[in-house]
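A.B. asks: Got a sequence here, can you model it:
(2 chains)
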Amino acid sequence: MSRQAIGVTVVLSILAALIVARSLIGDGSGRVYTRTVTTEMVEVRLPASDPAAVDEEQARQGQVVTEEAWVPVDSEEAKKYASEGAATISWTSRKNVPYSQVRASPDDEGISFSWSQTLGIWLAALLTLAIFSFLYKDNPIYKTAESLVVGVSAAYWMVVGFWDIIIPNLIGRLAPAFVEANFTPGLTDLEPQWRYLIPAIFGVLLLMRLAPKGQWLSLWTLAFIVGTTAALRMVAYIEGDFITQINATIEPLYQVVRNADGTTDGYATLWASIRQLILVVGVLSCLTYFFFSLEHKGAVGKVARVGIWFLMITFGAAFGMTVMGRITLLAARFEFLFDDWLWIIDPNKQREVASVISMITG
Amino acid sequence: MGFFERIGNLDRRWIFLLMGLAVAIPIIIIDVTGFIPPELPMPKAKSTFQTLDDLPAGSKVLLSWDFDPATEGELGPMANTFIRQCAQKGHKMYFMALVPVGAQMIRSTTSDVIGTYYPDLVYGEDWVDLGYKAGNEAVVKTLVTDFNQMFPSDARGEPLSTIPMMSGIKDLTAFDAIVSVTAGYPGCKEWVLFASTPLKIPTVVGCTGVIAPQMYPYYPQQIQGLLQAIKGAAEYELLVNDWVRRDQFRNTLLAMGVEVSGEDSMGDLPSTSEELDAWAGDHVGKGLTEAQATEVRGFASEKKAELVAPVDAPEPGLFLEAQKRMGPQLSAHILMLVLIVLGNLTYFVTRRRGGGR
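C.D. replies: The predicted structure follows:
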């Protein structure tokens, strides 16, 4: 066994031992508890909050105008307005319970261990470690986790695409009554809009890419997509990215900043003017660098050189921001592992009694 | 083999391990000690806060959550804080998403912030979840002219005509401000190009570090506030936490019959009964009249305790996430600086010895 393999084995063994030890210390870790909450509602007729909007005629005559509403069965409205045999509905939902509450009331029968959420946390933790394992080297565990991410994402997109795009935007327009009856109760406009057959046909044409013959038909849809997107963006980019940006650049180099009482703030004026000067020099020198009709020699070359410096500083800043973003994401994953999974830390004060740190520090 | 040769041939996995420790250890230390790295709010974070604070209570704010779990660590804290400021200020909040998983981010953040800390807010009257809408920039473009065409119902399937706070919303011009929390495309750039630039609607943006440099040119003409990555989120979080504490103190005083007039920032808030007496005396003519100050000083001890208790109360962990995450940033950046210096030294030393490549 090579020295490297021994080192990795030792590190992994220590990690595994720590996880096993953590599971046995105190109250263990990585568990979720939920409370079952039953909600019961009853249908009543309440005095309308805006009588004129419900029945203008009755409101004008001074009669009591009522409107249908669902209220909790134990509410004051239910006791006052619910009639005999009124329709009721009930459902149960589960709400997460902090572990400190579980420990404080162990005999509470409303609280139960949630297998599904606990499994979810352990799965998420192990998959996170599987992804981290790539830092050592490419391996089958990482490949499995990566494939899972790709597969789940694709499946998720397909389901979202069907329920959030195909159903409301296409089927819901062509057969609204069917959608209202089966998928989206509450749709008000139940008249079919036949013009939506056009995007439906374009959609089918796009799928022709998968057909053995007639793949060229999909080009019609692609041409439509490219054309409309280009047109849509061109207008917005000319206004937002071109004209407004030029407008923001062509400003006097001497920028006066005034105090609330109308006097000039010398310090702020100095820095605003320097900032404007840097902006103008940066824009002109960068444009010179990208101007290839003149050879970058002499004065042009020197200005272009300044432009390169501006570009490099910009790229450096962008890279720095990217690094900061990646560190934050790493910190967030560690927080998940330490908080939700291992119960080492407790930033939201949900299980102080069970966190390892609390046990150590007393 | 000398030190610099060893460094030059160091296996990069040791650097990964060092970076992992540089991020992991501060997380545990911060949780144990409660230490929060100090932050100084910069102009972009201040203007973000000010843009929403300048709107009168009850203003309509459109919040577009255009991010997913992959960037939740970076954008989640600022999303939570945006909701907190709007809820505390009393703005009407309209949530929507241009990316599919944004809908889940809306459910998660509203549940965490509104469900836990502002349970009195009524769905449909104070906030509404419009959910995800497919179409990228075409969605924004359509909202500019016709809101109902894009959103016939909310995320729960309730027709918008039955939701009280949707009455009068015909297009984007009905909104007083737009907040976009963005991970990439589609997101803040589309909001800037298709909505805030042509309609001149005040817009504030919170974005990942990766796309922040792309948003700089739009500030302050086309966007009025910009939170860049976790640093911007931490600064904004600090501003909002401080303001919420002052606002709660002001509201408690108002409930006790004492109205602090004007835009007084209230100075250092008192955390004991004695400090409260001194605070009331110091603020005569600065928000309080002589009679009000006397009334405050004459409060019963229980009333005084009720007034000062929230001042020193610990901030909920949910609203400290961004500031806490600046701890790992600090140690990771120090490590990177050390490695950069070491790497350069190694390069020059080995080159001088004839081993440079």
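A.B. asks: Provide the secondary structure category for B:Val210.
C.D. replies: coil (DSSP: H, G, I helix; E, B strand; the rest coil).
A.B. asks: Also A:Asp74?
C.D. replies: Three-state assignment for A:Asp74 (three-state DSSP): coil.
A.B. asks: ok, now B:Val61?
C.D. replies: B:Val61 ends up strand, using three-state DSSP.
A.B. asks: Please apply the same query to B:Gln329.
C.D. replies: Applying three-state DSSP: B:Gln329 is helix.
A.B. asks: Now do the contacts for it.
C.D. replies: A:Met324, A:Ile327, A:Thr328, A:Ala331, B:Ile230, B:Lys231 (C-beta atoms under 8 Å, 6 or more residues apart in numbering or on different chains). From N, CA and C alone the C-beta is placed, and that goes for glycine too.
A.B. asks: Ok, A:Ile327 next?
C.D. replies: B:Val23, B:Pro328, B:Gln329, B:Ala332, B:His333.
A.B. asks: Pick out the most distant pair among those residues.
C.D. replies: Put simply, by C-beta to C-beta the two of the contacts of A:Ile327 set farthest apart are B:Val23 and B:His333, 10.7 Å from each other.
A.B. asks: Which one of the two is surrounded by more residues?
C.D. replies: Ranked by neighbour count (other C-beta atoms under 10 Å in any protein chain shown), B:Val23 and B:His333 place B:Val23 first, with 24 against 16.
A.B. asks: need the contact list for the nearest residue to the more buried one once chain neighbours are set aside.
C.D. replies: Leaving out its chain neighbours, the residue that sits closest to B:Val23 by C-beta to C-beta, 6 or more residues apart in numbering or on different chains is B:Pro328, at 4.3 Å. Contacts were defined as C-beta under 8 Å, 6+ apart; by that measure B:Pro328 touches A:Ile327, A:Thr328, A:Leu330, A:Ala331, A:Phe334, B:Ala22, B:Val23, B:Ala24, B:Pro26, B:Ile27.
A.B. asks: 6 Å instead?
C.D. replies: A:Ala331, B:Val23, B:Pro26, B:Ile27 (C-beta atoms under 6 Å, 6 or more residues apart in numbering or on different chains).
A.B. asks: Out of the residues you listed, which comes closest to A:Val97?
C.D. replies: Closest approach to A:Val97 among the contacts of B:Pro328 (C-beta to C-beta): B:Ile27, at 24.9 Å.
A.B. asks: Tell me the secondary structure at the closest one.
C.D. replies: B:Ile27 ends up helix, using three-state DSSP.
A.B. asks: what's the neighbour count on the one residue in chain A that gets nearest to chain B?
C.D. replies: Using C-beta to the nearest C-beta, the single residue of chain A nearest to chain B is A:Ala332, 2.5 Å away. If you count neighbours by other C-beta under 10 Å, A:Ala332 ends up with 22.
A.B. asks: pLDDT at the nearest residue to B:Val284 once chain neighbours are set aside, what is it?
C.D. replies: Leaving aside its chain neighbours, B:Val284 sits nearest to B:Ala293 (4.9 Å; criterion: C-beta to C-beta, 6+ apart). Listed pLDDT for B:Ala293 reads 87.
A.B. asks: which helices and strands sit right next to the one helix or strand B:Ala293 maps to?
C.D. replies: If you go by DSSP states H and E, B:Ala293 is part of helix B:290-297. In terms of contacts (3 or more C-beta pairs under 6 Å, 6 or more residues apart in numbering or on different chains; DSSP states H and E), helix B:290-297 is packed against helix B:273-282.
A.B. asks: List phi and psi for B:Phe175.
C.D. replies: The phi and psi values for B:Phe175, taken as degrees, to the nearest 10, are phi -90, psi 150.
A.B. asks: Now do the same contact list for it.
C.D. replies: So B:Phe175 contacts B:Lys60, B:Leu62 (C-beta under 6 Å, 6+ apart).
A.B. asks: Give me the below-cutoff pLDDT ranges for chain A.
C.D. replies: A:1, A:352-362 (pLDDT under 70).
A.B. asks: Alongside chain B, which residues does it contribute?
C.D. replies: For chain A, the residues in contact with chain B (C-beta under 6 Å from any C-beta of the partner chain) are A:135, A:160, A:164-165, A:184, A:186, A:188, A:236, A:239-240, A:245, A:248, A:317-318, A:321-322, A:324-325, A:327-332, A:334-335, A:345, A:347-348, A:357.
A.B. asks: Might you specify the subset of the residues you listed located within helices?
C.D. replies: Judged by DSSP state H, the residues of chain A next to chain B include A:160, A:236, A:245, A:248, A:317-318, A:321-322, A:324-325, A:327-332, A:334-335, A:357 as members of helices.
A.B. asks: so who does B:Pro37 touch?
C.D. replies: Contacts of B:Pro37 by C-beta under 6 Å, 6+ apart are B:Met326, B:Gly327, B:Leu330.
A.B. asks: hmm, back to that, let's have the contacts of B:Pro328 in JSON lines, adding distance to B:Gly285.
C.D. replies: JSON lines is the format used below for the contacts of B:Pro328 (distance: C-beta to C-beta, whole Å):
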{"residue": "A:Ala331", "distance to B:Gly285": "47"}
{"residue": "B:Val23", "distance to B:Gly285": "50"}
{"residue": "B:Pro26", "distance to B:Gly285": "46"}
{"residue": "B:Ile27", "distance to B:Gly285": "47"}
